[in-house]
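J.: model the following, please.
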Amino acid sequence: EHGVTVRPVDVNFSHWDNTLEEKTGPYCALRLGFRQVKGMNREEMEALVRARKRPYTHIHFLPDAGVSIASLERLADADAFRSMGMDRRRALWEVSALHDRPVGIFEGQPSASTLEEKVQLPAMSESEHVLQDYSSLALSLKAHPVSFIRRQLYERGILTTKELDRWPDGTPVRVAGLVLVRQRPGTAGGVCFITIEDETGVANLVAFASLFERYRKEILYSQLLMVEGKLQREGQVTHVVAKRLYNLSGLLTLLGQKERKQAELRTLSPADEKDGHVFPAKNKRTQVRVDAQLELFPKGRNFR
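T.: As a prediction, the model looks like this:
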C-alpha cells in the first residue's frame, strides 16, 4: 500500500529477524527473515549467518555451517535458494542428494548422486508456488491467491475491490476476497465489520445485527467471502452494506488443479490413495492435499 519493496527469504541475504536493506525509492526494502519459515530452528539459522563470509554457491556448503537436513528441507520448501539459481523443486531435489554425502574417512569422495543422470524436473506453475508459499510462510510475495480465480469471479459478476472506486454511492455490487478481520464491537449494536482482501486491495463490509444472525456461518467460517450489497460512500470512506453473504472458499481448491491432474496421470497407483485423498508424488510431505488446501489460507482474525 505504501510502495515498500518486500523481498523473500533467502539463504544468502536473510537473517533470523526481518531486516531493512538499501533504499528503493523513498523507503528501504524489507527482507523477510528465517523466522517467517514455519518450524525453523533459530540456532541453526544464526550459525548459517555466522558462516556466511561470502555468498553460498551450493547447498552442500550449508551442512558444514551446521544446518541440518531437516532445516534445509524447510528452506527449500520456503523457496529460499533463488540466489543459487534454484526454485523450491530443484532445491528439494538437491537436498535429497545430501543423504548420501560422504563423511568421515570418505569425505571428499564423489557421492552416488554425482554419478546419476541429470534429471529435468517439470517447472512449477505460479499457482503451485503460491500454495507452497502459504504452506511454508503463511504468505506469498509472488501473487495473491484470488488472482488465479479472477475469471471464475468475473463470471459471477463479482468486482475487484479496486473497481468499487468506479461506482457511485448506492450502487448494488458484488465483491469477494480473503477474510482478514472480523470485528463486532460491543458498542455497535450487534453490527459486524469485516475486511476482505483480493489481488487489488481491501474492502470494508458492514453486516447489521439481523443479517449477522442469518449469515453467521458464512461470516465466521469463510476464508473466501463474497458479499452482495449496496455501496456506501461517506467522504473518503467506502463500505459495502451487506444484503447477502456467500462462502466461496471452495474456489481456492482450484489453485494448482491442472498440475495435480497431470501428476495424477503420471504417478497414480493404489499406494498413492489413502482415505480417498490423492497424493500424486512419492514425497508426500511436499504435496498439498486437496481437502487440506484450505487450511493453508488464513481464516481471519476476530476482534470484539
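
J.: name the element the residue nearest the centre of the chain belongs to?
T.: Here the mean C-alpha position of the chain is nearest to the C-alpha of residue 134 (C-alpha atoms, centre = their mean), at a distance of 2.4 Å. Using DSSP states H and E, the element containing residue 134 is helix 126-137.

J.: helix or strand right after that helix?
T.: Elements were assigned by DSSP H and E; along the chain past helix 126-137, the next helix or strand is helix 150-155.

J.: buried residues, that next one. List them.
T.: Within helix 150-155, the residues scored as buried using 16 or more other C-beta atoms under 10 Å are 150, 153. C-betas here are computed from N, CA, C, even on glycine.

J.: same check on stretch 227-239?
T.: Here stretch 227-239 shows 227-229, 231, 238-239 as buried, counting by 16+ other C-beta under 10 Å.

J.: now do stretch 34-51
T.: Within stretch 34-51, the residues scored as buried using 16+ other C-beta under 10 Å are 34, 36-37, 40-41, 44-45, 47-48.

J.: for the chain, give me the ranges with low pLDDT.
T.: 100-118, 258-292, 304 (pLDDT under 70).

J.: now the helices: where do they sit in it?
T.: Secondary structure of the chain by DSSP state H: the helices cover 42-50, 69-77, 88-97, 126-137, 150-155, 209-214, 216-221, 257-267.

J.: figure out which of these is closest to residue 203.
T.: helix 150-155 (13.1 Å; C-beta to C-beta).

J.: who's in contact with that closest one?
T.: Surrounding helix 150-155, the residues in contact under the criterion C-beta atoms under 8 Å, 6 or more residues apart in numbering are 146, 160, 176, 199, 248, 251, 254.

J.: residue contacts, the last one?
T.: Spelled out, it's residue 254. Taking C-beta under 8 Å, 6+ apart as the criterion, residue 254 is in contact with 148-149, 152.

J.: same thing with the third one?
T.: By C-beta under 8 Å, 6+ apart, the contact set of residue 176 is 146, 153, 158, 196, 198, 224-227, 248.

J.: now with 7 Å?
T.: 153, 158, 198, 224-226, 248 (C-beta atoms under 7 Å, 6 or more residues apart in numbering).

J.: before we move on, what about the second one?
T.: Taking C-beta under 7 Å, 6+ apart, we find residue 160 in contact with 198, 200.

J.: just put the buried residues of stretch 34-51 in CSV and tack on distance to residue 165.
T.: Listed next are the buried residues of stretch 34-51 as CSV, based on distance: C-beta to C-beta, whole Å:
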residue, distance to residue 165
34, 38
36, 32
37, 36
40, 40
41, 46
44, 47
45, 43
47, 49
48, 45
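
J.: residue 83: which of the contacts of helix 150-155 is nearest?
T.: residue 199 (26.6 Å).

J.: wait, that closest one touches residue 145, no?
T.: No: here residue 199 does not reach residue 145: they are 8.2 Å apart, not a contact under C-beta atoms under 7 Å.

J.: compare neighbour counts for the two and give me the winner.
T.: More crowded of residue 199 and residue 145, by other C-beta atoms under 10 Å: residue 145, with 25 against 17.

J.: so who does that one touch?
T.: For residue 145, the residues meeting the contact criterion (C-beta under 7 Å, 6+ apart) are 130, 178, 252, 255, 297.

J.: the fourth one and residue 147 touch, don't they?
T.: No: counting by C-beta under 7 Å, residue 255 stays clear of residue 147, with 10.1 Å between them.

J.: returning to what we had before: what's the closest of the helices of the chain to residue 120?
T.: Taking C-beta to C-beta as the measure, the helices of the chain were each checked against residue 120, and helix 88-97 came out nearest at 10.1 Å.

J.: so what does that closest one touch, helix or strand wise?
T.: Using 3 or more C-beta pairs under 7 Å, 6 or more residues apart in numbering; DSSP states H and E as the contact criterion, the elements in contact with helix 88-97 are helix 69-77.

J.: which elements pack onto the helix it packs on?
T.: Based on contacts counted as 3+ C-beta pairs under 7 Å, 6+ apart, the elements that helix 69-77 packs against are helix 88-97.

J.: buried residues in the helix it packs on?
T.: Going through helix 88-97 with 16+ other C-beta under 10 Å, the ones that come out buried are 88-95.

J.: how about that helix as CSV, C-alpha atoms only?
T.: The C-alpha trace of helix 88-97 is given here as CSV (Å, rounded to 0.1, in the frame of the first residue of the first chain):
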residue,chain,number,x,y,z
ARG,A,88,12.0,-25.0,-4.5
ARG,A,89,11.6,-28.1,-6.6
ARG,A,90,15.2,-28.2,-7.7
ALA,A,91,16.4,-27.3,-4.2
LEU,A,92,14.4,-30.2,-2.7
TRP,A,93,15.9,-32.5,-5.2
GLU,A,94,19.5,-31.3,-4.3
VAL,A,95,18.8,-31.6,-0.6
SER,A,96,17.7,-35.1,-1.0
ALA,A,97,21.0,-35.9,-2.6
